[in-house]
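Student: Here is a sequence together with a model predicted from it:
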Amino acid sequence: MCGIISIKGKNAIRKTISGLKKLEYRGYDSCGIAWKNKKLNIKKSKGYISILEEKVKNIKSELTIGHTRWATHGVPSELNSHPHVSMDGKFMCVHNGIIENYKELKKQFLQGYEFYSDTDTEVIPNLVSKFYKDLVNCNPSCCNRRRNSKYSGECYGSKCKCASYCDDILTAFKMAIDQLKGSFAIVLINDYNDKIYFARHSSPMVISKTKDMIICSDINGLDDKSNTFYLPDDTYGVLDNDFEVFDTNSKPIAIKYSNYKGGIENKLSGYKHYMLKEIYEIPNAIELTKDALYGASLTLPKNISQILFVSCGTSYHASLMAKKYIENFAHIPCECVIASEFISSNNLILPNTLGVFISQSGETADTLKSLEKAKSQGVYTLAITNVQNSHITLIADTTVLMRAGAEICVASTKAYTTQLFVLLQLTNYLIGLQQGNFRIISEKIQSKKQDKVSEGEISKANTCVGATELVEVLSKQDCLGISSDDIANLTGLDISTIDKQLDNLVDKIYLHKQFHLIGKDYDYITAMEGSLKIKEISYIFTDAYPCGELKHGTLSLIDENSIVFVIMTERDLIAKTTNAIHEITSRGGNVVCITQFDDIDLSDCYYVIHLPKLNQLFMPIVSIIPFHLISYKITTKLGLNPDKPRNLAKSVTVE
Ligand code: M6R
């Protein structure tokens, strides 16, 4: 988590603050900036970047490191916020990730050092400082290390023969990072020279070379996204007017730039909050995604035996919905695993498994780590993400992009609904694949029609478990019974028809301390996602169950103060769902029913929210929208900021 931006260039402080604001979606509980004007300086703040901005507004510098934090070790406070400083004040650094062995490092190398914060990060500048001093004092053991390093040479302390070409700080920095266990993206400046030192392990960073030199935790922090270099994992380096990057053996790495156009639209466009704006953008987000997907082809392995979905949070709920779509209509068995669990369990991977990794941001550490793990086990991997050029797209075998546009609010709304739309299209493709509606890529290559595919894709196919052939699925036709009118009804959905039903309800319930949500089949997954949405931003306790589970425990909580949301969008399940409603109302509980059916008796309910009637396959997309709006309305009524809930961040880049 956390955002890093470091700049060497004119007006670096102003540009760093502007970059940090763009990175606030990665964490926003505290922030800080260090800069050099002959001497090192530092300012920090608890809370939003705007507070820090005030503190540095008239200062000029051409060398900075900046950080916006999401606390892992130590409470959000000025002391714990980055940059962190070595005890001698000579080194300052910012860090994303977690140093797991920081206590051991303090004992092993930093006895007698004083630490002012509760963070794991503070060991880093101190280790660099210690190793640097060891090097310049020419401790014999350091000479050995130095001989083994890229900057080897005989060491004679301050009279060192190699002084003209050897960068002791880079050597000390490398010695420090070699000691770190965990994950990190680190940027460090120092009192001795005007260079910036950086390193990464399992935590992304990009370098941009335009008129300024910038290091950033992701491209969203950059104004000019041309000429960016994605730092490969397990590398380190140094930046001055240009930069050099090395692998862990200190071998130089070739620099390859990418050009990326587009980025976060940071405009509220008249809405009070991004969340509301993004809910209202749902129909348009789906329309843009549909336009990009229709007519596109997708490269997948032939003969898929199983689909393994791995993701987190809302994206995990989307995968649960996909399992239902695919098992019901494409008849391929699916398994959905939460990414953090996938990393730490032994998963049985069947031959011919397709791995699908869903991530709105494309930067979620748990999902990225899982993808790497699955790939190492020979799984062919498909990423579904909303962010072009995000890290997931760089490591997955193939990618489908959603076109939801930037989602800035921490709570995912339009991205979730767009994910569901993409997953329905994936189901369509998979049916097409079974119907033989595909072209074998090797044939395409042999016939020299190599437009979109490369030999690399064939060799990729050969490394995947059992997937000896990759195919291009050409299914453009509808295999799911969705007509163009159905699509037009979805993309023309008027959110305000749902919105205007909710104010009366919210006025009555916003002070409640807990809500229950229930549903059956697809509606149970909507209950889970609705529950996450309410608790995430309003801090009200919620839980979600299948209707049939109530009587196995939760019913004991139901009394005349209870509010239970019941989602009912499947006609075949009306009888069973209304049974659950009776179980609740007969114990005095208050049912808020969400349904498109107007031919059933819901007079027992406390409140009914009427959904528009769309193609049944689209009902999961529509039935979540009342929960988006209810969460938003409750949260704003409680005086909370729906866009930036406490303790959370938009992009969870730590495991
Ligand atoms: O960017 P991702 O889809 O990988 O993010 C996964 C979760 O962190 C995310 O969906 C989270 O649960 C949302 N904030 C929920 O609204």
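Tutor: Done, it's in. Numbers count the residues shown, from 1 in each chain.
Student: okay, CA-based contacts and neighbour counts for the rest of this
Tutor: Noted.
Student: Tell me the secondary structure at residue 651.
Tutor: Judged by DSSP: H, G, I helix; E, B strand; the rest coil, the three-state class of residue 651 is coil.
Student: Likewise for residue 238?
Tutor: strand.
Student: so what's it up against?
Tutor: Residues in contact with residue 238 (CA atoms under 8 Å, 6 or more residues apart in numbering) are 170, 195, 196, 197, 198, 244, 245.
Student: let's go with 6 Å and repeat that
Tutor: Residues counted as contacts of residue 238 (CA atoms under 6 Å, 6 or more residues apart in numbering) are 196, 197, 244.
Student: likewise residue 580?
Tutor: residue 547.
Student: Next SSE downstream of the helix or strand where it lies?
Tutor: Element membership of residue 580, judged by DSSP states H and E, is helix 574-585. Using DSSP H and E, the helix or strand that follows helix 574-585 towards the C-terminus is strand 590-595.
Student: What residues sit buried inside that following strand?
Tutor: 590, 591, 592, 593, 594, 595 (16 or more other CA atoms under 10 Å).
Student: Also stretch 594-610?
Tutor: Of the residues in stretch 594-610, those buried (16+ other CA under 10 Å) are 594, 595, 596, 597, 602, 604, 605, 606, 607, 608, 609, 610.
Student: next one: it to chain centre, how far?
Tutor: Remark: stretch 594-610 is offset 37 Å from the chain centroid, using CA atoms, centre = their mean, to the nearest Å.
Student: send the alpha carbons of it over as PDB?
Tutor: Only the C-alpha atoms of stretch 594-610 are listed here, as PDB (Å, rounded to 0.1, in the frame of the first residue of the first chain):
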ATOM      1  CA  ILE A 594     -35.400  -5.600  -3.300                       C
ATOM      2  CA  THR A 595     -37.100  -7.100  -6.300                       C
ATOM      3  CA  GLN A 596     -38.400  -6.600  -9.800                       C
ATOM      4  CA  PHE A 597     -41.500  -8.700  -9.300                       C
ATOM      5  CA  ASP A 598     -44.700  -6.800  -8.800                       C
ATOM      6  CA  ASP A 599     -47.100  -9.800  -8.800                       C
ATOM      7  CA  ILE A 600     -46.300 -11.100  -5.400                       C
ATOM      8  CA  ASP A 601     -47.700 -10.100  -2.000                       C
ATOM      9  CA  LEU A 602     -45.000  -8.200  -0.100                       C
ATOM     10  CA  SER A 603     -47.400  -6.500   2.300                       C
ATOM     11  CA  ASP A 604     -45.500  -7.900   5.300                       C
ATOM     12  CA  CYS A 605     -42.400  -6.000   4.300                       C
ATOM     13  CA  TYR A 606     -41.200  -2.900   6.000                       C
ATOM     14  CA  TYR A 607     -40.100  -1.400   2.700                       C
ATOM     15  CA  VAL A 608     -39.900  -2.600  -0.900                       C
ATOM     16  CA  ILE A 609     -37.400  -1.300  -3.400                       C
ATOM     17  CA  HIS A 610     -38.600  -1.900  -7.000                       C
END
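Student: And the helix or strand hosting residue 527, what's buried?
Tutor: Using DSSP H and E, residue 527 sits within helix 522-538. Neighbour-count burial for helix 522-538 flags 522-538 (criterion: 16+ other CA under 10 Å).
Student: how about the helix or strand that it is followed by: buried residues?
Tutor: Sequence order places strand 541-546 as the next helix or strand after helix 522-538, per DSSP H and E. Of the residues in strand 541-546, 542, 543, 544, 545, 546 count as buried by neighbour count, 16+ other CA under 10 Å.
Student: what's the most distant pair in these?
Tutor: 542 and 546 (13.9 Å; CA to CA).
Student: Can you pull out the residues in contact with the one helix or strand residue 325 maps to?
Tutor: Remark: residue 325 resides in helix 313-329, with elements defined by DSSP H and E. Where contact means CA under 6 Å, 6+ apart, the residues beyond helix 313-329 that reach it are 333, 334, 358, 359, 423, 427.
Student: likewise stretch 27-40?
Tutor: In contact with stretch 27-40 (CA under 6 Å, 6+ apart) are residues 2, 41-48, 61, 63-70, 76, 81-82, 649.
Student: And the ligand, is that stretch touching that?
Tutor: No: Stretch 27-40 stays clear of the ligand (CA under 6 Å from any ligand atom), getting no nearer than 12.0 Å.
Student: Average pLDDT for that stretch, rounded please.
Tutor: Taken as a whole, stretch 27-40 has a mean pLDDT of 90.
Student: Would you work out how far apart the start and end of it are?
Tutor: End-to-end distance for stretch 27-40, by CA to CA, to the nearest Å: 25 Å.
Student: Any idea how many residues pack against residue 81?
Tutor: Counted with other CA atoms under 10 Å, the neighbours of residue 81 add up to 29.
Student: list the contacts for it?
Tutor: Residue 81 makes contact with 30, 31, according to CA under 6 Å, 6+ apart.
Student: Tally up the residues packed near the closest residue to residue 202 other than its chain neighbours, please.
Tutor: Leaving aside its sequence neighbours, residue 202 sits nearest to residue 183 (CA to CA, 6 or more residues apart in numbering; 5.2 Å). When neighbours are counted by other CA under 10 Å, residue 183 registers 22.
Student: What is the least confident helix or strand in this structure?
Tutor: Least confident helix or strand, the chain: helix 140-148 with a mean of 49, by mean pLDDT, DSSP states H and E.
Student: hang on, the earlier thing: just the CA trace of the helix holding residue 527, in CSV.
Tutor: Provided in CSV are the C-alpha atoms of helix 522-538 (Å, rounded to 0.1, in the frame of the first residue of the first chain):
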residue,chain,number,x,y,z
TYR,A,522,-27.1,-15.2,-7.5
ASP,A,523,-28.9,-13.0,-4.9
TYR,A,524,-26.9,-14.4,-2.1
ILE,A,525,-23.7,-13.1,-3.8
THR,A,526,-25.4,-9.7,-4.2
ALA,A,527,-26.1,-9.9,-0.4
MET,A,528,-22.4,-10.5,0.2
GLU,A,529,-21.3,-7.6,-2.0
GLY,A,530,-24.0,-5.3,-0.5
SER,A,531,-22.9,-6.2,3.0
LEU,A,532,-19.3,-5.3,2.1
LYS,A,533,-20.3,-2.0,0.6
ILE,A,534,-22.4,-0.9,3.6
LYS,A,535,-19.8,-1.8,6.2
GLU,A,536,-16.8,-0.5,4.2
ILE,A,537,-17.9,3.1,4.2
SER,A,538,-20.6,3.5,6.9
